[in-house]
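>>> Quick one: sequence and predicted model below, then my questions.
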Amino acid sequence: MFTLSWQFGSEWTQSSPQTFDQTVDALEKQISETSLTKWFLRSVSLVASLEALRISRPYVGDGGAVAITLGTIVLSRVLTHKLLVQPKINRLRQEYRLLSDQLERQQQADSDSLQELRNMSGVENLKAHAEKLQQKMIVRKMRKKAGLKCDDLSRGHMLFTGNPGTGKTMSAQMITHILYELGIIKEDKIVMADRSGLIAKFMGETALKTEQLVNSAKNGVLFIDEAYSLIQPGSAGDFGPEALAKLLLMLEKPEVNTVVIMAGYRKQMEQLMASNPGLRSRIPVKIHFEDYSDEQLIKIFQFMCVKNGYQLAEDAFDVCKEKLSDIQKYEGDHFANARSVRNFFERVQLIQECRLAKEIGEQSDGSHGTPQEDSLTPQGNSSVDPVADDPAADDPAADGVKPLMELSVSDLELAAADYQSQSVSRDSGDWKGMFY
């Protein structure tokens, strides 16, 4: 409500605008209508009114003098509007235009964690949710800049479902950083827990233990892995329902200010949701982590190579992709996505190291005890500084370094066979002939 009220009884009220533009328009309209002529005419009318009042009530005083005084006040207020308010309104309009023009650029000016999430393989549903959170916060900042109302954010508790190795735990850590960088949580911290972190050994202690755990994650994120284990049907005397009931109460306490993420396998988590009517309404965000595709699996393997200083041989890419696909088919429901890829990578790494150690040993046997392992360094001499004495030392394709980095076709094939010998499949006969 914007009101101009003067002592001579004229009150001018402008209805409350709904948007920033309407607010500015209303202010500009009021200033444009506040003309010197208009207020002069009102002052003349006021003089006549006061003179009539003085005649009827002499104690009022000199009506002309009062009118001049009030007229001066009116004119000063008009000039104040013209000189001070109008420039301020113009500045507000300019700032608002700048905010509008920068909206798209602000959407691209992401936090480091959000950009890192975008570069991850898979987790598409989480990426979509993170993008929505970012867009929401951009618009909220614009509303605050414009002086509009912004209700307190709901905490947005989350449910992560998916098969083993689909990135639920890693994603919980990533989304914690994103929530903090967007200003949704106050502290960049995550408390990891499972059933043992909520359930006590003795009756009456579980609720207290659960409350302490939630409070430890105050202003941050509480991640409960394998949350479905809180409910164990048919288990008499189990304290899981007590922990779950206390957790539900804690989710609604505003002073706790904790985002809770519950994670587990899809089917079991659906059973957990069905066990308590209050769970679904208190956990509004459901994110399912799909199994990785063949293309995503090979990207994960390559990422592990780069992270650990390895690379696939030129003819090994298709073979690696084929072996990963075979492992996925063989293990079936036991396939652990990125976790299985990591296990396979470690087998390949071990096979390559065993091969190199054998080759080095064979070279040593034929060189009268000379430490031929030095031949694998860029200079063939471990006492020489490769950076200072060899301009090509930084080249990852240098002849001496390449064998240490490269994973060959034979490494992949032997690792796949070794992986097979220690894996559990739906049918042991399914493996026969798969890798050779």
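Structure received. This one's a predicted model, so the numbers in the text were calculated from it and none came from an experiment.
>>> ok, A415 touching L350?
Yes. Counting by Cβ atoms under 8 Å, A415 touches L350, with 7.4 Å between them. (C-beta placed from N, C-alpha, C; glycine too.)
>>> of the two, who's got more company?
Shown here are A415 and L350; by other Cβ atoms under 10 Å, A415 has more neighbours (24 against 14).
>>> With only the CA atoms kept, save the regular element (helix or strand) spanning that one in PDB.
Secondary structure assignment for A415, by DSSP states H and E: helix 409-421. What follows is helix 409-421 as a C-alpha-only set of coordinates in PDB (Å, rounded to 0.1, in the frame of the first residue of the first chain):
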ATOM      1  CA  VAL A 409      43.900 -57.400 -24.800                       C
ATOM      2  CA  SER A 410      45.500 -60.400 -23.100                       C
ATOM      3  CA  ASP A 411      45.300 -58.600 -19.700                       C
ATOM      4  CA  LEU A 412      41.500 -58.100 -20.200                       C
ATOM      5  CA  GLU A 413      41.000 -61.700 -21.300                       C
ATOM      6  CA  LEU A 414      42.900 -63.200 -18.500                       C
ATOM      7  CA  ALA A 415      41.300 -60.900 -16.000                       C
ATOM      8  CA  ALA A 416      37.800 -61.800 -17.300                       C
ATOM      9  CA  ALA A 417      38.600 -65.500 -16.900                       C
ATOM     10  CA  ASP A 418      39.900 -64.900 -13.300                       C
ATOM     11  CA  TYR A 419      36.900 -62.900 -12.500                       C
ATOM     12  CA  GLN A 420      34.700 -65.800 -13.700                       C
ATOM     13  CA  SER A 421      36.400 -68.200 -11.400                       C
END
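>>> average model confidence for stretch 113-127?
What stretch 113-127 shows for mean pLDDT is 89.
>>> Sorry, wrong one. I was asking about stretch 184-202.
91.
>>> mind listing the helices for the stretch 201-350 of the chain?
206-216, 240-251, 266-275, 277-282, 294-308, 317-331, 338-365 (DSSP state H, counting those that start in this stretch).
>>> what about these, which gets the closest to Y180?
helix 206-216 (16.7 Å; Cβ to Cβ).
>>> averaging pLDDT over each of the helices of the stretch 201-350 of the chain, which comes out lowest?
helix 277-282 (a mean of 85).
>>> ok so, going back, got the helices of the stretch 201-350 of the chain as a markdown table, with distance to Q134 columns?
A markdown table is the format used below for the helices of the stretch 201-350 of the chain (distance: least, Cβ to Cβ, whole Å):
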| stretch | distance to Q134 |
| --- | --- |
| helix 206-216 | 27 |
| helix 240-251 | 24 |
| helix 266-275 | 26 |
| helix 277-282 | 24 |
| helix 294-308 | 23 |
| helix 317-331 | 33 |
| helix 338-365 | 25 |
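>>> Excluding covalently adjacent residues, which one is nearest to M304?
Leaving aside its chain neighbours, M304 sits nearest to F345 (4.7 Å; criterion: Cβ to Cβ, 6 or more residues apart in numbering).
>>> if we can go back for a sec, ok, and for the helix holding A415, which residues are buried?
Residues of helix 409-421 classed as buried under the neighbour-count rule (16 or more other Cβ atoms under 10 Å) are V409, D411, L412, E413, L414, A415, A416, A417, D418, Y419, Q420.
>>> Which one of those residues is nearest to I261?
Nearest to I261 among these is Y419, at 31.9 Å by Cβ to Cβ.
>>> could you list every residue that touches the closest residue to the closest one other than its chain neighbours?
Distance criterion Cβ to Cβ, 6+ apart; nearest residue to Y419, sequence neighbours excluded, is R347 at 5.2 Å. Residues counted as contacts of R347 (Cβ atoms under 8 Å, 6 or more residues apart in numbering) are A415, A416, D418, Y419.
>>> got it, and T258?
T258 makes contact with R155, V214, A217, K218, N219, G220, V221, L222, M250, according to Cβ under 8 Å, 6+ apart.
>>> Pipe the residues you listed into TSV and attach neighbour count and distance to F303 per row.
As requested, those are exported to TSV (neighbours: other Cβ atoms under 10 Å; distance: Cβ to Cβ, whole Å):
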residue	neighbour count	distance to F303
R155	21	33
V214	23	35
A217	23	30
K218	16	35
N219	14	32
G220	20	28
V221	26	25
L222	27	29
M250	18	38
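>>> Now go through those residues and say which are in strands.
Among these, the ones falling in strands (DSSP state E) are V221, L222.
>>> And the strands in the stretch 101-250 of the chain, which stretches?
Ranges of strands within the stretch 101-250 of the chain are 158-162, 190-193, 221-224, based on DSSP state E, counting those that start in this stretch.
>>> ok, residues contacting the longest one?
Same thing as strand 158-162. 168, 171-172, 175, 259-266, 269-270, 273, 283, 285-291.
>>> Now, of the residues you listed, which are buried?
168, 171-172, 175, 259-265, 269, 273, 283, 285, 287-289, 291.
>>> circling back to that earlier point, now, of the strands of the stretch 101-250 of the chain, which is deepest in the fold?
strand 221-224 (a mean of 26; mean count of other Cβ atoms under 10 Å).
>>> Partner strands of that strand, with direction?
Paired neighbours of strand 221-224 in the sheet (DSSP bridges): strand 190-193 (parallel), strand 259-264 (parallel).
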